[in-house]
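J.: mind looking at a prediction? Sequence and model below.
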Amino acid sequence: MATATQPESLKVVQPSVPETKPDPKPQRLPLGPIQTVHVFWLAGMSCDGCSISVTGATNPGIEGLLLGTVPAMPKVILHHPVLSVESGEGFTQPFKDAVAGQLGAPYVVVYEGSVADERIAERTGGYFCAMGMEAMGEGEGGESRPTPTATWLKRMAPGAAATIAIGTCATWGGVPSAEGNPTGAMSLMDFLGKDYRSAFGLPVINIPGCAPQGDNFTETVFAVLLFLQGLGPLPTFDELGRPAWLFAETVHRGCTRAGYYEEGVFAKNYGDPECLVDIGCWGPVVNCNIVKRGAINHMGGCMEAGGVCIGCTMPGFPDKFSPFYKAPPGAFFSTAASMSVGAVIRRLRRLSNRHSNTEVRWDVLDHVPSGWGNLKAQPLALKVTELFYQKWQHFRAKKPGRPPGEEDRFWGGDRPGNRADYHDHSATREDTDDRS
């Protein structure tokens, strides 16, 4: 008897997929919502002017960050050597926890002032800038010594979500690193090196200024925190790590005195309202937004207050801008060209200004009915100039009023009523009849 055989089951074998590994990413911490972020403020060779500037920030203000009242922003816990309530071991313990990776939250390092070469001071058993104490040997009876802030920076920077240099001393070395200094002072970029990256893959962020506007700092911190929150892209920084939207333009382009420059009018003494290039202003070649933003609460600013720009936001400050309050060498050529061209432009603009400063009615009546001064009617030369100017102005464009040849479309050839109905003849000068 034949038996039915069961068909063999067909096994489908999926070809093996080679295991792939994700591309390595520079960040070592996950991007995402952050409830709390610690900000560790370290002070090197500084005058504390940056701290004072930040406390005066208003748009946005630092209070909102510290209180955690800003939407989408984490609460900021600030560890500042002056502003913090804690002192002694209670103040330095969070710094130690951050170094040991026991903080339990991401942190940002803000460094104010230039970084001194502590090896120079160490040769004689001293230090330049320090914060807190640490034991030199084993055991409780060991001798303690101050911990240089440069050491804190070196320990904390690798694990920081971001490292921010605030002020020109921290960003470029500033005054403490001027030629002939005995401390070997340097910027954060010089100290940490070109290859430095934070735990989120960011190089050093530089916010220059002596002192910088507080709003520049808080605005940049807000933008970086949005990035760390995963709520926005990484802000745009230039090739030197400056916020590009704040330092892309020169002082001169936003200066309220720039109009005088192009007209070739320059101040001779401090207190004059004209352009300050001839008495030592470096504004045309300095990247800064001090005049646009103001110093505090959008008020003041160097040129706005009558001071010249000495280039304090630039990497070459102070050596490349000294001596201060002396006209830059390039100003001889630029001001000479500006004065020659500006002399013509200034006079042409004066004519246009005078033309625009009168009503059409006044031009027709040759009379200015102002009781504030004895204003004369336009001279013949100005009228001739205006004739050609208006021809050019309205070339291939519609001139105000009734187009010639189309008067019938607008109440006929003459205006309604009698001439006596109008205040003066300036409105009826186009009429053609002999109405009284």
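T.: Okay, I see it. Residues are numbered from 1 along each chain as shown.
J.: what's the single longest strand in the chain?
T.: The longest strand of the chain (DSSP state E) is strand 36-43.
J.: any idea which helix or strand comes after that one?
T.: Remark: after strand 36-43, the chain's next helix or strand is helix 49-55, criterion DSSP states H and E.
J.: if you count neighbours, what's buried in that following helix?
T.: Neighbour counts over helix 49-55 (16 or more other Cβ atoms under 10 Å) mark 49-51, 53-54 as buried. To be clear about C-beta, it is placed using only N, CA and C from the backbone, and glycine gets the same treatment.
J.: show me where the protein has its strands.
T.: Ranges of strands in the chain, per DSSP E, are 36-43, 75-79, 107-112, 130-135, 144-148, 162-166, 205-207.
J.: any chance of JSON lines for the ones you listed, columns distance to Asp238 and mean neighbour count?
T.: Output for the strands of the chain, formatted as JSON lines (distance: least, Cβ to Cβ, whole Å; neighbours: other Cβ atoms under 10 Å):
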{"stretch": "strand 36-43", "distance to Asp238": "24", "mean neighbour count": "21"}
{"stretch": "strand 75-79", "distance to Asp238": "26", "mean neighbour count": "18"}
{"stretch": "strand 107-112", "distance to Asp238": "19", "mean neighbour count": "26"}
{"stretch": "strand 130-135", "distance to Asp238": "31", "mean neighbour count": "15"}
{"stretch": "strand 144-148", "distance to Asp238": "30", "mean neighbour count": "16"}
{"stretch": "strand 162-166", "distance to Asp238": "14", "mean neighbour count": "27"}
{"stretch": "strand 205-207", "distance to Asp238": "9", "mean neighbour count": "26"}
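J.: can you redo those as TSV with distance to Gly241 and mean pLDDT?
T.: Formatted as TSV, those follow (distance: least, Cβ to Cβ, whole Å; pLDDT from 0 to 100):
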stretch	distance to Gly241	mean pLDDT
strand 36-43	18	95
strand 75-79	21	91
strand 107-112	13	97
strand 130-135	25	88
strand 144-148	24	91
strand 162-166	8	97
strand 205-207	4	97
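J.: distance to Val285 added to the ones you listed, as CSV?
T.: What follows is the strands of the chain, written out as CSV (distance: least, Cβ to Cβ, whole Å):
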stretch, distance to Val285
strand 36-43, 30
strand 75-79, 36
strand 107-112, 26
strand 130-135, 37
strand 144-148, 36
strand 162-166, 22
strand 205-207, 18
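J.: relative to Thr335, which of those strands is closest?
T.: The closest of the strands of the chain to Thr335 is strand 205-207. By Cβ to Cβ, the value is 31.5 Å.
J.: so how far is that closest one off the chain centroid?
T.: Counting by Cα atoms, centre = their mean, to the nearest Å, strand 205-207 is centred 11 Å from the centre of its parent chain.
J.: that one pairs with which strands, parallel or anti?
T.: Using DSSP bridges, the strands paired with strand 205-207 are strand 162-166 (parallel).
J.: residue contacts, the residue nearest the centre of the chain?
T.: Residue closest to the mean C-alpha point of the chain, counted by Cα atoms, centre = their mean, is Leu246 at 2.5 Å. Contacts for Leu246 (Cβ atoms under 8 Å, 6 or more residues apart in numbering) come out as 216, 219-220, 289.
J.: with distance to Ala305 and neighbour count added, can I get those residues in CSV?
T.: Formatted as CSV, the contacts of Leu246 follow (distance: Cβ to Cβ, whole Å; neighbours: other Cβ atoms under 10 Å):
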residue, distance to Ala305, neighbour count
Asn216, 18, 25
Glu219, 22, 20
Thr220, 24, 23
Asn289, 15, 23
